[in-house]
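*Asks:* what would the 3D arrangement of this be:
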Amino acid sequence: MIKVLMVCHGNICRSTMSQSVLTHLVKQKGLEDCFEINSAATSREEIGNPPHYGTVSKLKQVGIPVVPHRSTQMTRADYDYYDYLIGMDSANIRNMNRIAGGDPEGKIYKLPSFAGSGRDIADPWYTGNFDETYNDVLEGCEAFLNYLIEQGMI
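*Replies:* Okay, the predicted model is just below:
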C-alpha cells in the first residue's frame with residue numbers, strides 16, 4: 001500500500017483539494033486498495049475546520065467528491081508513517097522538513113515537481129482563484145500517478 005500525505009499551510013484549501021482529487025483519480029483507475037491518502041497542515045491555525053467553501057465549490061463544479069476531512073497538523077510521526085509527504089509550495093516544504101526533523105529518506109516532495117515544475121501552487125485563501133489552484137493540483141496529481149506507474153510502484 002502506498003501511503004500519501006498531502007500538506008499545505010492550513011489543510012483547508014490546497015491539501016484537502018489534492019486529497020480529494022488524488023482519491024478520485026485512484027478510484028477511477030480501480031486502485032483504491034493500493035493507496036491510503038490523507039492531508040495535513042504545517043500550521044495550527046485551522047485545526048478542526050472543514051475544507052474551505054471555495055475548495056468544496058470547485059470540486060462540486062468538476063464532479064469530484066470532497067473527502068470528509070477536518071484540518072489536522074502534520075507530526076514527526078507522519079514522516080515515519082507515510083511513503084510520500086507532498087507539499088504545495090516552498091514554504092510548506094521548509095516547514096515540513098522542520099516538523100519532520102529533516103528528510104533523510106527523501107519522502108518530501110513539492111506536488112508540481114512530479115509535472116517537471118519547480119513552481120509553487122498558489123494558495124487560494126489569498127488569491128481567491130480556486131480554478132487556477134484546481135488546475136495545478138489536477139496536473140500534479142495526474143503526474144504523481146504517472147510517476148508511480150513509471151516507477152513500477154502500481
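
*Asks:* in stretch 33-50, what's buried?
*Replies:* The neighbour-count check on stretch 33-50 (16 or more other Cβ atoms under 10 Å) flags Phe35, Ile37, Asn38, Ser39, Ala40, Ala41, Thr42, Glu46 as buried. Where you see a C-beta, it was placed from the backbone N, CA and C, and this is true even at glycine.

*Asks:* now do the first one, the pLDDT please.
*Replies:* For Phe35, the model assigns a pLDDT of 97.

*Asks:* quick one: list the elements packing against the lengthiest helix in the chain.
*Replies:* If you go by DSSP state H, the chain has its longest helix at helix 130-150. For helix 130-150, the contact count by 3 or more Cβ pairs under 8 Å, 6 or more residues apart in numbering; DSSP states H and E identifies helix 14-28, helix 53-61, strand 84-87, helix 124-127 as packing neighbours.

*Asks:* before we move on, back to that, could you work out the most separated pair of the buried residues of stretch 33-50?
*Replies:* Spanning the widest gap among the buried residues of stretch 33-50 are Phe35 and Glu46, at 24.5 Å by Cβ to Cβ.

*Asks:* switch the buried residues of stretch 33-50 over to a markdown table; also include distance to Tyr81 and secondary structure.
*Replies:* Formatted as a markdown table, the buried residues of stretch 33-50 follow (distance: Cβ to Cβ, whole Å; DSSP: H, G, I helix; E, B strand; the rest coil):
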| residue | distance to Tyr81 | secondary structure |
| --- | --- | --- |
| Phe35 | 14 | strand |
| Ile37 | 13 | strand |
| Asn38 | 9 | strand |
| Ser39 | 14 | strand |
| Ala40 | 11 | strand |
| Ala41 | 16 | strand |
| Thr42 | 16 | coil |
| Glu46 | 22 | coil |
